[in-house]
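Q: Okay, predicted coordinates and the sequence, questions at the end:
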Amino acid sequence: MDIVLLVKAAIMGVVEGLTEFLPISSTGHLILAGALLGFDDAKAKVFDIAIQTGAILAVIIVYWQKIHHTLRALPTQREAQLFALNVLIAFVPAVVLGLLFGKFIQERLFTPAVVASTFILGGFVILWAESRSRQVVSVREAEDMNWKYALKVGLVQCLAMIPGTSRSGATIIGGMLLGLSRKAATDFSFYLAIPTLVGAGAYSLYKERALLSASDLPVFMVGLVFSFASAWLCVRWLLRYISTHSFVPFAWYRIAFGIVVLLTSATGWVKWAA
């Protein structure tokens, strides 16, 4: 067993878990980490998507009480049915657009210019959203959303198909701009992540199954475990953080990281193209 490869898988798992649910884009960080570690071949790209499952398991555990209650109440309680329907409505646009344009995006948009631009632009969007201190909050809790809000958040999530945008950033900040409270937007972003990332991981594994073999299982398991552990810590921290803080620090981080993308690309240090 290659210990060095397992260590690389663990590091990549930590990067995934720490960045997946923050509004800073896990994709850009995984590309950079993979390039620095020499963990960036075709099989590694499947690994990057597959270990999202570990991060999602952390969300399921953190929100288990709500998820369990919803599942038990689903056959009889309309409130639970409406909530589940909202998650489904928000999930569908990403599935449709992903199947239609996923290959095009993978081939054409994974470039330093696009990644850097979306990082920097996303940072300024967060600054703008946070500056709207008097914005009207129409939805206080994720459970109070109607299907129209769910559809809008689902459409906003599609922006995350552009590398560097950040799925969490798009849904949380987009939700806030649409009238959701910071808590409602964050909670719904986590709920929506469950079908979105599990579906993406399963689809990627199925599509690229010819690349994989039984010998890859230890590497994938290590990545999953470390992704889970770091995501669990990150999600719990973020839920405490948003109760008293804004997303402004993440905005400045995105802008700085976008500059890093440009510099590492210009110097040839990192191969950013897919």
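A: Noted; the coordinates are in hand.
Q: What secondary structure category should be reported for Asn86?
A: For Asn86, the assignment made with DSSP: H, G, I helix; E, B strand; the rest coil gives helix.
Q: That one contacts Asp144, correct?
A: No. Counting by Cβ atoms under 8 Å, Asp144 is not a contact partner of Asn86; they are 10.1 Å apart. The C-beta positions use only the backbone N, C-alpha and C, and glycine is treated the same way.
Q: Looking at those two, which one has more neighbours?
A: Asn86 (24 against 15; other Cβ atoms under 10 Å).
Q: residues in contact with the closest residue in space to the more buried one that isn't next to it in sequence?
A: Excluding the flanking residues, the one nearest Asn86 by Cβ to Cβ, 6 or more residues apart in numbering is Ala150, at 3.8 Å. Neighbouring residues of Ala150 by Cβ atoms under 8 Å, 6 or more residues apart in numbering: 85-87, 89-90, 188.
Q: And Ala150, how far from Val7?
A: 41 Å (Cβ to Cβ, to the nearest Å).
Q: With Ser265 instead?
A: 26 Å.
Q: Of these two, which one has the most company?
A: Ser265 (18 against 12).
Q: Report the spatially nearest residue to that one, omitting neighbours in sequence.
A: Pro112 (3.5 Å).
Q: before we move on, what about Gly174?
A: Nearest to Gly174 is Val156, by Cβ to Cβ, 6+ apart, at 3.3 Å.
Q: which secondary structure element contains the one you found?
A: helix 147-157 (DSSP states H and E).
Q: what's the average pLDDT for that helix?
A: For helix 147-157, the per-residue pLDDT values average out at 96.
Q: For the helix or strand just after it, enumerate the helices and strands it packs against.
A: Downstream of helix 147-157, the next assigned helix or strand under DSSP H and E is helix 167-178. Using 3 or more Cβ pairs under 8 Å, 6 or more residues apart in numbering; DSSP states H and E, the elements in contact with helix 167-178 are helix 112-131, helix 147-157, helix 182-207.
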